[in-house]
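Enquirer: predicted coordinates and the sequence they were generated for:
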Amino acid sequence: ICEKFKRFYCDSHSGRKLVFDASRGSAELRVQFDAAPKDLVVHTYQMCILLLYNERDTYTLREITQRLKLEKSELERHILALAHPKVKVLHKRPNKKELHEDDTFTFNRKYRNQRVRVHIGVLDDSRAKQTAAEAKDKQVPQQVIESRKNRVEAAIVRIMKARKKLNHQQLVVEVVHQLQSRFNVDPQFIKQRIASLIEREYLERDSNDRRIYHYLA
């Protein structure tokens, strides 16, 4: 179909080039389950995965990789979304987050959902997020980072000195609120500064609940 449309487009618009970007596409599939047919709204790659199950009910990850020739990271986040415990269009064996080439994915004929039209999501690309975060950090001069460390720690100490006892989430919210006029603070950055203050004995964790902090005078 793609090649036919490509020929049609190129014949109609001379001098232009048409490139399909499957990573941005979506599709709607009518899938027959035992209980009732469902219209699944999926990513293009998920569509390609599901179409394989017209041939048989079970594939190993190695077989799917060989058939679709997708990058490992892309295939993983799309197929794991189909096998997610809240979705279960596919059954993964063994039922673990880790992926190995011999893991099997079986079409779930007993799939049920109250809706006729079901949207299937895609798992976040954690590696892409990490790379973006690292790139963002590299753009901030080291001198600025050190200054922000001091400001965040000062805010934490001020808040804890006044409140004496706070849980982690409340402390993060108050720090963000105090510093929002100066710069945006990443909660992970605040967590690191809390850990540093605990090491230097400005704060301590509650003996019964590690999510609660106490101020040490």
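Expert: Arrived safely.
Enquirer: next helix or strand past the helix or strand of the chain with the lowest mean pLDDT?
Expert: When the helices and strands of the chain are scored by mean pLDDT, DSSP states H and E, helix 126-139 comes last with a mean of 53. With elements assigned by DSSP states H and E, the helix or strand that comes after helix 126-139 is helix 142-163.
Enquirer: list the helices and strands that following helix packs on?
Expert: Applying 3 or more CB pairs under 8 Å, 6 or more residues apart in numbering; DSSP states H and E, we find helix 142-163 packed against helix 168-179, helix 187-199, strand 212-215. Heads up, the C-betas are built off the backbone N, CA and C, glycines and all.
Enquirer: which residues touch L203?
Expert: I156, M160, I194, L197, Y213, H214, Y215, L216 (CB atoms under 8 Å, 6 or more residues apart in numbering).
Enquirer: what subset of those is buried?
Expert: Buried subset of the contacts of L203 (neighbour count, 16 or more other CB atoms under 10 Å): I156, M160, I194, L197, Y213, Y215.
Enquirer: of all these, which two lie farthest apart?
Expert: I194 and Y215 (11.8 Å; CB to CB).
Enquirer: can you classify D209 by secondary structure?
Expert: Following DSSP: H, G, I helix; E, B strand; the rest coil, we place D209 in the coil state.
Enquirer: how close does it get to Y202?
Expert: Counting by CB to CB, to the nearest Å, the gap from D209 to Y202 is 19 Å.
Enquirer: same check on E98?
Expert: From E98 to Y202 the distance is 39 Å (CB to CB).
Enquirer: same question, P94
Expert: Going from P94 to Y202 by CB to CB gives 45 Å.
Enquirer: among the contacts of L203, which one sits closest to L50?
Expert: Closest approach to L50 among the contacts of L203 (CB to CB): I194, at 45.1 Å.
Enquirer: now do the most centrally placed residue in the chain against S73, distance only.
Expert: Centroid-nearest residue in the chain, with CA atoms, centre = their mean: D124, separated by 2.0 Å. Per CB to CB, D124 is found 11 Å from S73.
Enquirer: ok, L40 next?
Expert: Taking CB to CB, one finds L40 at 23 Å from S73.
Enquirer: these two: who's more crowded?
Expert: Under the neighbour definition other CB atoms under 10 Å, L40 and S73 were set side by side, and L40 has more, 23 against 12.
Enquirer: the more buried one pairs with what?
Expert: The partner list for L40 in beta bridges (DSSP bridges) reads L29, V118.
Enquirer: any stretches of the chain with poor pLDDT?
Expert: 1, 125-139, 217 (pLDDT under 70).
Enquirer: list the contacts of the closest residue to Q178 other than its chain neighbours.
Expert: Using CB to CB, 6 or more residues apart in numbering and skipping residues adjacent in sequence, the residue nearest Q178 is A155, 4.8 Å away. The contact partners of A155, by CB under 8 Å, 6+ apart, come to E174, V175, Q178, L179.
Enquirer: switch the residues you listed over to CSV; also include distance to E3 and neighbour count.
Expert: Formatted as CSV, the contacts of A155 follow (distance: CB to CB, whole Å; neighbours: other CB atoms under 10 Å):
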residue, distance to E3, neighbour count
E174, 59, 19
V175, 56, 23
Q178, 59, 17
L179, 56, 17
